[in-house]
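Asker: Need a 3D model of the sequence below.
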Amino acid sequence: MTLVDALPTVNASLNAVSACAILTGYWAIRTKRTRLHWQCMSVAFVASAFFLAGYLTYHALSSVLHHYAGPWRPFYLGMLASHSLLAVVALPLVLRTIWLSAVRRQYAAHRRIAVWTFPVWAYVSVTGVLVYWMLYRL
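Answerer: Have a look, this model is predicted:
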């Protein structure tokens, strides 16, 4: 097994780390644990950045195309389509949300956009793991 062959599993693991950190970060901010929230969201951002690098590397170096042909194919394709579309939307949302809090210290504006960023980013992270599981493990 080459490093390129291992990337889908590594990428799914990074998505899982991101999902756990996002959900824990949400819990932290809801319970007024702002430092823990910041730490969790930092972990989620770094894991997502490494995922994106791994995803792009895998698709640049691998010519293998995978097709899900199981009985859940319509569900898989719908989930994949929504995952892919929202992944494109998530990137600028995440960057803007982080910019507003970490750089600009505009917490009210951060909260207004985070209401949208959280569910999109969480959905993309969780469905990323599900897409991997259905494609490579099911």
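Asker: Which per-residue confidence value corresponds to the residue nearest the centre of the chain?
Answerer: The residue lying closest to the centre of the chain (C-alpha atoms, centre = their mean) is Ser125, at 3.2 Å. Note on Ser125: pLDDT of 98.
Asker: Would you check how far apart it and Leu14 are?
Answerer: 9 Å (C-beta to C-beta, to the nearest Å). Every C-beta, even on glycine, is put in place using the N, C-alpha and C of the backbone.
Asker: related to what we said a few turns ago, which residue sits closest to the residue nearest to the centre of the chain in space, ignoring its chain neighbours?
Answerer: Leaving aside its sequence neighbours, Ser125 sits nearest to Ala19 (C-beta to C-beta, 6 or more residues apart in numbering; 3.7 Å).
Asker: secondary structure element for Val126?
Answerer: Val126 is part of helix 107-132 when elements are defined by DSSP states H and E.
Asker: Which elements pack onto that helix?
Answerer: Contact analysis of helix 107-132 by 3 or more C-beta pairs under 8 Å, 6 or more residues apart in numbering; DSSP states H and E lists helix 3-30, helix 34-61, helix 73-98 as its packing neighbours.
Asker: List the buried residues in it.
Answerer: Burial within helix 107-132, assessed by neighbour count using 16 or more other C-beta atoms under 10 Å, is assigned to 110, 113-114, 117-118, 120-132.
Asker: The residue nearest to the centre of the chain and Val17: what is the separation?
Answerer: Taking C-beta to C-beta, one finds Ser125 at 9 Å from Val17.
Asker: again with Ala122
Answerer: 13 Å.
Asker: that older thread, pull up the overlap in contacts between Ser125 and Leu14.
Answerer: Jointly contacting Ser125 and Leu14 under the rule C-beta atoms under 8 Å, 6 or more residues apart in numbering are Ser48.
Asker: wait, Tyr123 sits on Leu86?
Answerer: Yes - assessed by C-beta atoms under 8 Å, Tyr123 is found in contact with Leu86 at 5.9 Å.
Asker: residues touching Gln24, list them.
Answerer: Small correction: residue 24 is Thr, not Gln. 36, 40.
Asker: Next up, the contacts around the nearest residue to Val43 once chain neighbours are set aside.
Answerer: In this structure, Val43 finds its nearest non-sequential neighbour in Ala21, 4.2 Å apart by C-beta to C-beta, 6+ apart. Contact analysis of Ala21 by C-beta under 8 Å, 6+ apart lists 40-41, 43-44, 47.
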